[in-house]
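1. Just the structure for this:
(2 chains)
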Amino acid sequence: MKRQRTKLVKMNVLPQAILQSPREHPRFLQRTACPLSDFARIHLIKDKDGIDDYLAKNIKGLSKQEAAAHRNSYKKNICIDMLRQGYHESFSELFALIQKWNALREAAGPGSAIWQQKSLEEQPEKLEQLHHFLTRAEAAGRAGHYEKMYDNQLNLAYCFNDPEEKWLSNYFYEQCFNTAKLVKIDGGKREAQAHANMGLISEEQGNVMKAAKHYEAFYQLTDGLPWKDETGHTYYSLACKHLWRIYTLLADKMLENKEHQQAINMLRKALEIAKKGGDMKTEGEAAYCLSLAYDFAGEQERALSILNTSVKIFTALSDSSGLGRAYAAMAKILVSQGKADETVTCLGDFMKAAENAHLSQSQVDARVLLGNIYNERGNYNEAFEYTSQAFEAAKALNNLPSVGETKTYRGIVEAHKLMVAFKSHIEAEDPISLKYLLEWKENKSDMCTDPLTVELDKETSASKPL
Amino acid sequence: MDVASSTAQGFILAGKHKEAIPAAFHALRFGSAVFGPRSAQLVPAYLLLAEASTGAGDLRRAERYLAQAQWMVLGAPGCGAVRSRLQRGLGQLRVAEGNLEQALHHLAYDVYLASSTFGPRSLEAAMGYFHMANVFFRQNKMDIANSLYAKVTSLWCDRLLSAVQAQERELRSRSDMSPFTEDEDVTEQQLTEAQRAEGTRVLSAMLEIRSQARKPELGEMARVLHGLAMLHYLGLDLPAAGEMGLKALELVKQLPQQESLEPITRLLRLINSTPSHTK
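-> Predicted structure coming up:
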């Protein structure tokens, strides 16, 4: 079954990568199958003769008019059927939804995704589902069984999974939310579910504050309770994850506005929540984000100590991407403090740890970081050594973006190395050096051989006495 | 034909079905002289005759008129308004015969057609809902009947509220000596005399039902009274409007969850500020 994924809210300061976990509406309910009625089966037979045939065979004693009614629009039949049984609210709802669908279709115009799709009234399966669950919800609501009403509405929210049907599923999530407030017998379970779903919808619509309110309610309603969703996750752990993410988003906005202290407070709250949720990965990311905020605020020592926590967690999880980011942040802070040796030691630790844990990508990352440090310090030979190793390792991994990246780093270092030799020949001001320079200049225009490497070999041997 | 039709309509609304029959018959005669005996334009006249006959208890005759109307409609399938009224007529006939299930089918079709033609919140749809509610009431399915009556009330009240607001706007622009004599919006919102009469009949019937219920729902009763007050106000029967409005206000004040008093107090202010000699 297709599941909807909500779009990500963009982060501008903190790295987007930490929010990459999929955000789909959790399954709180086993979907109830909606049995296909005779009505629907008849309408699924496309041609007129087929219908008449079916009718003659399956429904005995059907008059001509009744048969005609079956051939009539399915929407009409469903509407009249609902009304006849007294489900007038279902009728009003269905009628309004069909009108809205058509209006959206008109507004989107030809060529749009919704235009390609048939209108709702031409999709008997969907009408059948709406008929089935709407009328059950209405009957339950009229009898005061709001929990059943909610379950039927939730089933409807699960019915519409295509992107162009998203508004429909959101509409039913909203109905669920309204109904859930009336349910008094389940200890707030359905209300909690409804808050989770509304939070996701608000978040997707970019309304982060509103989403935070919903997730907070979700969190409070599930604290200490054993409820689990259909995939076995506790509601509480879900709530922690959502709340952590939304607090991180809020903190990102604060960092963007240079409100460092508020951001730190928010991210500390996020870290607390992440710990309570019991998901190590989230906790590692939460610690990492907090350390970045400390760094922005100029509190480097605190940043480093939190980064250590983050590194420990990511090492335990063998999480390459987390480790790469955490060590990069550490190296950046140490460099800014002028602690060059400590930086190299720290990255050396990273490399060793990566080797011990057989984390191939981390081995690449560590060498890139080391190469860059040596490059910045002007130790181009060491830098060349590490970036070359990184390039080879990336090739072995067959990770194309990484291959490109490491190749670029190696190229930069190579150019720097060449600069040194070039400069020494210029400064020497003797005929031999001049000859070298001329030869290199000529070769450079030669596209068949690689003048840089040719020259490089000569130059390195020539510059050895220096 | 129009005069005869509205006379017949008036008799029917007043419950004098027997008196309505000759008037409706005249409408049919004039109509067939103007449009020819087989024209689809005669359908409304047949429907009036049928309604009057049903009301007068002459079901066989009603059946015949409806069959005639049905036949003519088949020839001109486009018009949702007429088809909706035909289904309503058939529904009323089945009710009179006591065939409630079939009646519901026709009335449901009526609501569907009216919603498609005039909109799901139109007074035409409300009419169908009202007849359906009466059938469920007779079947003793009180929960369905009550929720349908509530829907009818809300449809009428919404419509009346916009009519009153339009009237209010017009009064204000008149007092401002505005050069605009007829605001288009106002005429669009105004109700015809027949609609007002129908509204009075429907809302009064619901008030009766609500007040006879074992546990009268005060909120619903207040809404019905508010609707009636608005109707009387629009019909310029200010004393009656004031009386209904005050009753509605009293009821709302008794409700545990206070609903907004604003629309009712606003109406009462409007009633008091209108000079009573305009009648």
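
2. Identify the single longest helix in the chain, thanks.
-> Using chain A here. The helix of greatest length in chain A, counted in residues with DSSP state H as the criterion, is given as helix A:400-428.

3. Let me rephrase: I mean chain B.
-> Ranking each helix of chain B by length (DSSP H) puts helix B:142-175 first.

4. how distant is that helix from the center of its chain?
-> Relative to the centre of its chain, helix B:142-175 is centred 12 Å away, using Cα atoms, centre = their mean, to the nearest Å.

5. what does stretch A:323-332 give?
-> When C-alpha coordinates are averaged (Cα atoms, centre = their mean), stretch A:323-332 and its chain have centres 22 Å apart.

6. can you list contacts of it?
-> For stretch A:323-332, contacts defined as Cβ atoms under 8 Å, 6 or more residues apart in numbering or on different chains pick out A:15, A:17, A:284, A:288, A:291-292, A:295, A:303-304, A:307, A:310-311, A:314-315, A:343, A:346-347, A:350, A:353-354, A:359, A:361-362, A:365-366, A:369, A:373. The C-beta positions use only the backbone N, C-alpha and C, and glycine is treated the same way.

7. How about stretch B:39-59?
-> Where contact means Cβ under 8 Å, 6+ apart, the residues beyond stretch B:39-59 that reach it are B:1, B:5, B:8-9, B:11-12, B:15, B:17-18, B:20-21, B:24-25, B:27-28, B:31-32, B:34-35, B:61-62, B:65-66, B:68-69, B:72-73, B:75-76, B:79, B:82, B:85-86, B:89, B:92-93, B:96-97.

8. Mind doing that once more with 7 Å?
-> When contacts are taken as Cβ atoms under 7 Å, 6 or more residues apart in numbering or on different chains, the neighbours of stretch B:39-59 outside the stretch itself are B:5, B:8-9, B:12, B:17-18, B:20-21, B:24-25, B:27-28, B:31-32, B:35, B:61-62, B:65-66, B:68-69, B:72-73, B:75-76, B:82, B:85-86, B:89, B:92-93, B:96-97.

9. can you check stretch A:389-408 too?
-> By Cβ under 7 Å, 6+ apart, the residues outside stretch A:389-408 that reach it are A:360, A:361, A:363, A:364, A:367, A:368, A:371, A:387, A:409, A:410.

10. and the second one, what element?
-> Assigned by DSSP states H and E, residue A:361 falls within helix A:360-377.

11. that older thread, how about the longest helix of chain B against chain A, any contact?
-> Yes: judged by Cβ under 7 Å from any Cβ of the partner chain, helix B:142-175 and chain A are in contact via B:143, B:144, B:147, B:148, B:151.

12. helices and strands of chain B: which one bottoms out on pLDDT?
-> Each helix and strand of chain B was given a mean pLDDT (mean pLDDT, DSSP states H and E); the minimum falls on helix B:184-189 at a mean of 66.

13. Can you name the element that comes right after the strand or helix carrying residue A:293?
-> Assigned by DSSP H and E, residue A:293 falls within helix A:280-296. Proceeding C-terminally, helix A:280-296 gives way to helix A:300-317 as the next helix or strand, assigned by DSSP H and E.

14. Can I get that following helix as PDB, trimmed to CA atoms?
-> Taking Å, rounded to 0.1, in the frame of the first residue of the first chain, the C-alpha atoms of helix A:300-317 are listed here in PDB:
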ATOM      1  CA  GLN A 300      33.300  26.200  22.200                       C
ATOM      2  CA  GLU A 301      34.100  24.100  25.300                       C
ATOM      3  CA  ARG A 302      30.500  23.200  25.900                       C
ATOM      4  CA  ALA A 303      30.100  22.400  22.200                       C
ATOM      5  CA  LEU A 304      33.100  20.100  22.300                       C
ATOM      6  CA  SER A 305      31.900  18.200  25.400                       C
ATOM      7  CA  ILE A 306      28.400  17.600  23.900                       C
ATOM      8  CA  LEU A 307      30.000  16.600  20.600                       C
ATOM      9  CA  ASN A 308      31.900  13.900  22.500                       C
ATOM     10  CA  THR A 309      28.500  12.500  23.600                       C
ATOM     11  CA  SER A 310      27.300  12.600  20.100                       C
ATOM     12  CA  VAL A 311      30.400  10.800  18.800                       C
ATOM     13  CA  LYS A 312      30.000   8.100  21.500                       C
ATOM     14  CA  ILE A 313      26.400   7.400  20.400                       C
ATOM     15  CA  PHE A 314      27.200   7.400  16.700                       C
ATOM     16  CA  THR A 315      30.200   5.100  17.200                       C
ATOM     17  CA  ALA A 316      28.000   2.700  19.100                       C
ATOM     18  CA  LEU A 317      25.400   2.800  16.300                       C
END
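
15. mean confidence for that helix?
-> On average, the pLDDT along helix A:300-317 is 93.

16. which residues sit in contact with the residue nearest the centre of chain B?
-> Most central residue of chain B, judged by C-alpha distance to the mean C-alpha position with Cα atoms, centre = their mean, is residue B:198 at 3.6 Å. Under the criterion of Cβ under 7 Å, 6+ apart, the contact list for residue B:198 reads residue B:13.

17. How many residues are close by the residue in the stretch 151-279 of chain B positioned nearest to chain A?
-> Taking Cβ to the nearest Cβ, chain A has its nearest neighbour within the stretch 151-279 of chain B at residue B:151, 6.1 Å off. In terms of burial, residue B:151 registers 20 neighbours under the definition other Cβ atoms under 10 Å in any protein chain shown.

18. With that, I have no additional questions.
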